[in-house]
Each structure stands twice: as structure tokens, then as C-alpha cells.
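S.K.: Next comes the sequence, and after it the predicted model I'd like to discuss.
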Amino acid sequence: MESLAPYMRPERSFQAFILALQTFWAEQGCVILQPYDMEMGAGTFHPATTLRALGPKPWNAAYVQPSRRPKDGRYGENPNRMQHYYQFQVIMKPSPPNLQDLYLKSLAAIGIDSSLHDIRFVEDDWESPTLGAWGLGWECWCDGMEVSQFTYFQQVAGVECSPVAGELTYGLERLAMYVQGVDRVYDLNFNGRDGAERVTYGDVFLQAEQEYSRHNFEYADTAMLFEQFKMAEEACKKYLAAGWREGSNRKEHLMALPAYDQCIKASHVFNLLDARGVISVTERQSYILRVRELAKACGDAWIHTEAGSAGG
Amino acid sequence: MPDLLLELFSEEIPARMQAKAAEDLRRMVTDRLVAEGLVYEGAKAFATPRRLALTVHGIPVRQPDLKDERRGPRLDAPQAAIAGFLKATGLAALSEAKIQRDPKKGDFYIALIEKPGRATIDVLAEILPVIIRTFPWPKSMRWGARSAKSGSLSWVRPLHAITATFGLETEEPDVVNFSVDGIETGQTTYGHRFMAPAAIQVRRFEDYEAKLLNAKVVLDPERRKDTIVTDARQLAFAQGFELVEDPTLLDEIAGLVEWPVVLMGSFEMDFLSIPGEVIRATIRNNQKCFVVSDPKTGKLANKFILTANVETADGGKTIVGGNERVIRARLSDAKFFYDTDLKTRLEDRLPKFESIVFHEELGTQAERITRIERLAAEIAPLVGADVTKAKRAAKLAKADLLTEVVGEFPELQGLMGKYYAQAQGEDASVAAACEEHYKPQGPSDRVPNDPVSIAVALADKIDTLVGFWEIDKKPTGSKDPYALRRAALGVIRLILENGIRIHLSSPLIATHFDRIAHQVHLIQLANDRRMERDIGGHVERTGPPLPLGVGISSRQPDLLAFFADRLKVQLREQGARHDLVDAVFALEGQDDLLMIVRRVEALAAFLDTDDGKNLLAGTKRASNILAIEEKRDKRSFDGAPDPALYSLAEEKALAKAIDQVKTEAGVAVAKEDFAGAMSAMAKLRPAVDAFFDKVKVNDDDPKVRENRLKLLNQIRAATRAVADFSKIEG
């Protein structure tokens, strides 16, 4: 790290921080993907995790995923809550025996020295009702702050993981705030430059937080969203039904990915409707179930595709 | 004799599971050893976040040889039976069996089986992998490449190494050789994750524990707890404060560190304007830190105590700084929540309950609150509470569920309600009831004694019970998802400990059943209509709507029986004889819990006296004779005896005593003077004793016999004024 220009140091710049993580995981043999081009609530929804976690083929990937949580918007007034933030996601299948060590080394790569900090693995079982997924693992603490989620996937989209994948999720803003020593996310130095050249996280995202909070809570067109939910649900089912083929010796599916896109869509539309407060408590459960049914059907289709099965 | 050392080294085990896992490991291994005939001298198990360890000392080197005699078939048994016997016993031929003579049942074969004991280390190599594979973790997982195969090992988190050695103190121990899912046993473990991660070679428990300590791992959780609590007290004391002790938190923290390093941090004084419970919940639940108080005021100080897992070159400065930042952010959130909550009056939150479902068949929270309000108003006069206050308290009591602070810390429900009620100037009893109406939560929880709290607490619990009874969701076996047993026990304790008179079969409860049945019915109708709309067609509902009031009455006696059961459990736990409780419940119409308990107490006291014991014996004798004669004659001997047929003085005296006792006991019972009723009963004793002494019941004259049996029946009837003596044991 000594050879790095100051603005490329992970403790100085948000983007350098991301680059350092990418470099680290690239060195571990992960494919470095770019964000998925759809709105989603967490990096786990990316097909590179949800679908690729299933089936026997090895898969190691890392990527940044913008995550949208419409309900968490605070009009840019909360120091660390936002309706849009970045997750850094690592998935390794099968989970390597030294995954905890790799994780600790990745922290060192972004400037968190485990001889100076108190790093802890605290029980946190992960469950995603919408994805029909669960796993066991920890939240990783650094000096009392939760900085990552560490999960051994046991089931995803209703399918048993075989073999099990290890998943790491870093909350990038929160970690970067800690490393840069700022208390307000909008004060993060984005590009690591000083003076007139300095660009902050606020410069990039504050206006967006304000606008989207307004949208999510007050103006998002609920009639359209209800319609979109139904359309995505129907399209997902339609593509799933159309994708099945009788293969040479077993059933195959040829359209799991496009179908799953519609599941992602339905999930995000549901989150928006939820933020608008137009879904009652009882209905909420049934919407979650509907998305889960889609996810499960997509998982079942996926394990009948080339990438999701032992064949090919 | 040799010792066993076993260590299962894994990734971080959840703190809450460690103590039970250590105990399970000790129990499973020692149980198996004993079952294998290996009696050991002692065993102890330990857990840290990354390991379970077990030492069993003084195990014999070998199992004892087993000699077993197995009885076989008779000499003349069919061939198949003899072949089966040979196969089961492993004998090569019948000539190897002995013959046992038995003149009565016939001679039979006996197999003498001698099983030489095996070396303990071999037994261990067989039992330990089974124990590991069947270990009862509350939740376990698969991992790594092997998880692709079926039958792969499940463990709480990935298991990395197994140390298993067996040997004498004076010798180099042997490794107990086995492997589980590719993990071979050995003598290698690892020290502290950050401070001493290198491999360590261990021989036996003594050097194992010592080497771990050198490698910054305190194996014994009790020792870690001791360090934490001692250091925490000292740190607090040094600054003139006092540690707020918290044993549950201490247990958890001890399960999060292998090398406890206790440090103190502080937060801004401003935050002390938040209620202490909120500060503590924030710091405790989210950050696993202790809070400290000022011994002069008893209030919290602006300090917290954290337990790190590592010693650092800067003496923990960075760690404290990081924790302070997190706690500052958490307290900012808490303060924001609390300040926001104070801006809205509790009653203004209520409309939101209209869209929150309490239970799909029982309607919304708003409907439930309305019901509790009405019931509390009806109960209020019975418990000496002001009706207006009880209604007000019932209306507000649940409102804090919608506040930000309770949303964040559900365990503060009720308490926050009290604070917010106080802040908006509610009457002190109303504010107290917001907290206390949840009480008592369990058998050791405090029972409120403010009448307003009692009224709302009873209404809340009775509404829950009546509701779930009405929709037939009562507890079955070990399943009690709505905690109805706890609710019933709560009602019982509220009534008994406050001396409240409520008839559980009274119209008060019946009306509430009615109220709920009505609501359940309306909800059903609405659901049916919604279904029709969703399906889009015109679906005819089968049959007309249920007329109200039908099928309701049947639920109330059932609920009463549930209360009776709970009361029995409660009384039994307090040491009352269950047969006395049964004897009182066997009487008609027992629905006043307080009176039932008074009766049981009086009965117990009476049965401790000689009069009581003898009267019980006499009554039992009468009952036994009656039972026999009733069976013989196939008839009962109800009805009044004919005084004209009395021939002996003892008969007349008994008849007179019965009349007298009946009247006196009846009067005493009517006055609820159960001790008095028992004293009246005591007067029956000499007459009963004399009767059995002098009178032959089964007289030769059938008329006299019948009359005497009728008289005996009168004894039974008379004693029923206080209890059904036939249910009493002894």
C-alpha cells in the first residue's frame, strides 16, 4: 500500500476502498462482476448469488451491488440511514475451509488491522422469507460495530445448497465511515482528493436521497405499482412455464434467468408499496409468500439449466 | 488410571449454546462409557467461542470381561428354535451349551457367553465419532466441499480439528484414532485467533489448559466470567461508580471472548435525559456492554464497560474509541426515538391499531382494546377500582406498542407506556397500569396490587383466554403458542394474592364470550365476502349466518375446567395435596378461586387433627360398605332413613349428629367460615365411631339393613358440605 497515491488509499477515498476490496477478492480467484442492472434490496438478490449458489458447480464471485431499501429513506437527514446504499458481496462455492481467514485478510486490505481492533464473530442466523433462503453464520463486529454479514448458505430459493456456499456482505458506507473516521455518511470522501477536487458522498448521493425519499414515501404511483407487481408475477410464471424442455435424459429449463428477473422486479415493487404504507399487515405476509413462490420456482428451474446442474 | 482429553475446535459457537453444549458433551461421553462398563472417576467439560473441551479422568484401561448366561429353548424344542438360539448366542454347536434341569417346566439349554473386555481406547474410537455425529445442537449446518455429499457432518459451525488423547499421567498418551467427515484426530489445537494463532501440541488436560492459557485462551467460562465481573467492578469503583450487575449479559459476554479484556468508555452527559432503562437496553442488547450507576443517586452514569477479546499495543484506546462512536450513534437514535415518541399523545396512536391484526379470527388490536376496555370497566367494581380510571388505563395500556422505542426494544413494552402516560399527565394509577397490566408474566413475577392495574391485568388476560377458547385454539400437550397457561396462572395469582372474589362461571365472563363470538362471526362473514370478491363469481354461502348465542355456553365450562387444572398445578407447586384440591373441586359449582383455596386450606388443617383423621376413616369405611352393598343389591341407598326403624341408641345418636352437623356446617359454609364448618364436622366423629363399634350394618332383617345403609349414605352426604371425602387419599 506504500506505493499507492494518497487518493488511492482505502482509508482516504470511498472508491479506492471499493477498489481495494475488488483487488483483494480478485486475487483470491473470484470473478469480479459489475452490479446487476435491476433494482434490488440486497446483494443476495443478484442472480450471481441467488441462482449461482445452487447446483454442484464451483462458483467464486465478488461484486458491488447498489441496494434499495425504500423504507429506510430519511430524506438525507439521518447520518447513516439511506434508501440506496452499496453492498459488497462475495460468494464462494463450495465455502473454502479458510473463509474466515480470507475475510480477516480482506479487512486488513482496507486498513483494518486486527492487532489494533477488536474483531468478533457474533451469532446471526440469516433468513430471507422472500427468497426462501436461510443460512447460519455471524455478524462481524469491529470495535462493537457490525461491519459485515458472514453466512454459510444452507438453503436458497427453497433448494438445499449442495455444496454449501459461503457469503460475505460488507456494508460499504458504514465500513468506509469507520476507516475514514467520519460520523455522517455524506461527509465520506468519495474520490480521495482534497480542496476543490474533493468529491464527497453527499455530492454524489444527497440529492438522490432527498428525491427518492419523497418518491418512496409520498408519490410513488401505487396503482401502477400494484399493476406492476401483478404483471411481474404473471410474466415470471409465464417464462417459467415456457422454459421447460424434455432433454436427452432429463428435464431441462431454458429461461430461468429472465424469469428470475421478474421475481427481482416483484420483490422491489413490493418494497415500494410497503414503503408507501398501502399494504396492510395481513396482506404483507401474503405478498412475501407470493414472491417466495416465484423465487422457489426460479430456483427449481435454475437447477435444471446448464450452469445450475451437474451437466454441460 | 488413564484420562481422556477431547477437544472439538471450530469456528465461533454462538454464546447462548456453549454452556449446554459442554454439558451435553460431558453427559453423552460419560453415559456411553458407563454403558460400556467403564466407570470413571470424574469428568468436566468447558466451552469457549471456538472449542468444546472435555476431560474424563480415571477410566480403566480395559472393559471388564463380560460373562453372560442366556437361557435357551427346551431340549425338545423344534429345530428352528434351537437354530435361532445358536445363531443369537454365537455358539457353534449345541454341545457348547449347558443343560439346565427343570423338573417342572422341562429341561432347557443355557449358553454361557464370555465376552472379553476391549481396550478402552478402542471403545473410545468407536463411541466418540458417533457422539460427534449425533450431537444435539439446537441448529446445525453443513459447509465446504464435503457438503455436496449426502451424510456429511453437521456441526454448529464448521469444525476444524479434533484432539483426542488417552493415557496415563506418567506416560506419553495415545491419540484416540478416528476420523469424522475427513477430520482426523490428533494432538494439535490452536491458540487465540489474533494473539496466538499458531498450532499447539498438547498431551493431556493439564498441559492443554496451561498451554492454552499461554496462548491467550482462558478455557474455563467460569474463570472468564470471574475476570470480567471483577475487572468491571474495579473499573467502575475506581471512578466512584458501581457496576450494574447483569448475570445474563455476563454469561453471554463470557461466550464471546477467549481472552477477556475489560475496558471503560463514556458517552455524552446529554443522553442521560433518556430513561435509564432505554440507555441500558441500547447498550446491553446492541453492544453487549454493561452500564454503571452513581451509588449516590442510584442513577446511571455516562459510562459503559465493554469486554474486548484482544490486548492491543495502544492499551485498547482504538477499541474504546470505536465502541464510543457506535454507542453515541445508538444513543442518538434512542434519544431521537424517545423525543419523537413524546410528541404524540398515547390516545392519538390508537387509530393505527385498526389496521393491525391481533389474530385473523379475533380481529384487530383496536377491537381487542375496545373489548378489554369494556371488560376492565365491568371488573373494576369487583376489585375496588375506579371505573373511569380502569377504562382509561385499558384504553392506553397497549398504545406504547406503536412507539419507536418499543419498536426498537420490545422488552420495554409497558414500561415505556408508563413513562409516556406520566409525561402526558395521566393519573398515577393509570400510568402504573400501563406497565403493570402485563404482570404477572411468570410464576416468579410480581403481582400488581393497585386496583386499576388489577382490573386491566385481569381484563387483558381474560380477553385472551376467552378469545382463544372461543376459536378453539386452546393449548394441547406441550404446545401453547399463545401462552394461555401463563395467562390463566396470571389470573389465578391476581385473584388469590389480592383476595378477589370473582365467579368464573358468572354472567360477566359469559357476556365476554358472547361479545367475542359476535366479533368472530362478523369477521368470518367479512372474510367470506372478500373471498367471493377475489374469486370474482357469485358464490352462494352454504347455510344461513350462525345465530348468535349458539354453541357459546359450551366453551365456558371448558375454560373453567382449564382454570381448575391450572389452580391444581399452582397449589401443588405450593405444597398443597392434590387430592384435597380434587376433593373440593368434586363439589358442585366451584367457580370462586379464592373460596376453593380457603376450603382446601381449612380441609388440610382439619385432616391434621385426630378428629379429622378419624372422621375421614369413618367416612371411608361407610363409603366402602356402601360401595359393596350397592354393588351386591344393584341399587343405591339414597333417600332419608326411617327413624321408626332405628333400634339401637348408636343409630339414633348418629342420625341426630348428622342432622346437627349438616345444619351447623351448612350455616358455616354459607358464611364462608370453612374452619367453622370443619369444627362442626368434627362433632360427627364420636357418633360415627360409636356406630361402627356397636352396630352391625348388615342386619338379618332386610328392612333394618336397608335403613342402616341409608344412614351410612347420610354420613357421606353430610361431609359433602365441605368436600368430597371419597377423593381424599389415606
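M.R.: That came through fine.
S.K.: what's the neighbour count on the residue of chain A found nearest chain B?
M.R.: Nearest to chain B in chain A, going by C-beta to the nearest C-beta, is A:Asp143, at a distance of 2.6 Å. Placement of C-beta: from N, CA and C, glycine included. A:Asp143 has 24 neighbours, counted by other C-beta atoms under 10 Å in any protein chain shown.
S.K.: shouldn't it be in contact with B:Asn323?
M.R.: Yes - contact criterion C-beta atoms under 8 Å: A:Asp143 and B:Asn323 qualify, at 5.5 Å.
S.K.: Tell me, how many residues neighbour residue 16?
M.R.: Picked chain A for this. 23.
S.K.: nope, chain B
M.R.: Other residues within reach of B:Arg16, judged by other C-beta under 10 Å, total 13.
S.K.: so where does it fall, helix or strand?
M.R.: Using DSSP states H and E, B:Arg16 sits within helix B:15-35.
S.K.: May I ask which helix or strand of chain B has the lowest mean pLDDT?
M.R.: Here the helix or strand of chain B ranked lowest by mean pLDDT, DSSP states H and E is helix B:507-535, holding a mean of 78.
S.K.: That one near chain A anywhere?
M.R.: No - judged by C-beta under 8 Å from any C-beta of the partner chain, helix B:507-535 makes no contact with chain A; its nearest approach is 10.5 Å.
S.K.: Likewise for stretch B:220-230?
M.R.: No - shown here: stretch B:220-230 not in contact with chain A (C-beta under 8 Å from any C-beta), separated by at least 14.2 Å.
S.K.: Three-state assignment for the nearest residue to A:Thr130 once chain neighbours are set aside, please.
M.R.: Computed as C-beta to C-beta, 6 or more residues apart in numbering or on different chains, the closest residue to A:Thr130 that is not its neighbour in sequence is A:Val291, at 4.6 Å. At A:Val291 the chain is in helix, as set by DSSP: H, G, I helix; E, B strand; the rest coil.
S.K.: Over to A:Tyr85?
M.R.: In three-state terms, and counting by three-state DSSP, A:Tyr85 is strand.
S.K.: Model confidence score at the nearest residue to it once chain neighbours are set aside, please.
M.R.: Among residues not flanking A:Tyr85 along the chain, A:Glu173 sits closest, at 5.3 Å (C-beta to C-beta, 6+ apart). Note for A:Glu173: predicted pLDDT of 96.
S.K.: who touches the residue in chain B that chain A sits nearest to in this structure?
M.R.: Across chain B, the shortest distance to chain A (C-beta to the nearest C-beta) belongs to B:Gly322, at 2.6 Å. Contact analysis of B:Gly322 by C-beta atoms under 8 Å, 6 or more residues apart in numbering or on different chains lists A:His117, A:Asp118, A:Cys142, A:Asp143, A:Gly144, A:Met145, A:Tyr178.
S.K.: Confirm that it sits in a strand.
M.R.: No - checked against three-state DSSP, B:Gly322 lies outside a strand; its state is helix.
S.K.: so B:Gly676 touches B:Ala668, yeah?
M.R.: Yes - B:Gly676 lies in contact with B:Ala668 (C-beta under 8 Å); the separation is 3.6 Å.
S.K.: who's more crowded, these two?
M.R.: Neighbours per residue, other C-beta under 10 Å: of B:Gly676 and B:Ala668, the larger number sits with B:Ala668, 21 against 16.
S.K.: where does that one fall, helix, sheet strand or coil?
M.R.: Assigned by three-state DSSP, the conformation of B:Ala668 is helix.
S.K.: residue contacts, it?
M.R.: Counting by C-beta under 8 Å, 6+ apart, B:Ala668 touches B:Phe674, B:Gly676, B:Ala677, B:Ser679, B:Ala680.
S.K.: quick one: it and B:Met681, what's the gap?
M.R.: Distance, B:Ala668 to B:Met681, using C-beta to C-beta, to the nearest Å: 9 Å.
S.K.: So which elements touch the least confident helix or strand of chain B?
M.R.: For helix B:507-535, the elements it packs on are strand B:363-364, helix B:365-383, helix B:451-470, helix B:555-573, judged by 3 or more C-beta pairs under 8 Å, 6 or more residues apart in numbering or on different chains; DSSP states H and E.
S.K.: quick one: contacts of the shortest one?
M.R.: Strand B:363-364 is contacted by residues B:Phe353, B:Glu354, B:Ser355, B:Ile356, B:Val357, B:Phe358, B:Gln519, B:Val520, B:Ile523 when judged by C-beta under 8 Å, 6+ apart.
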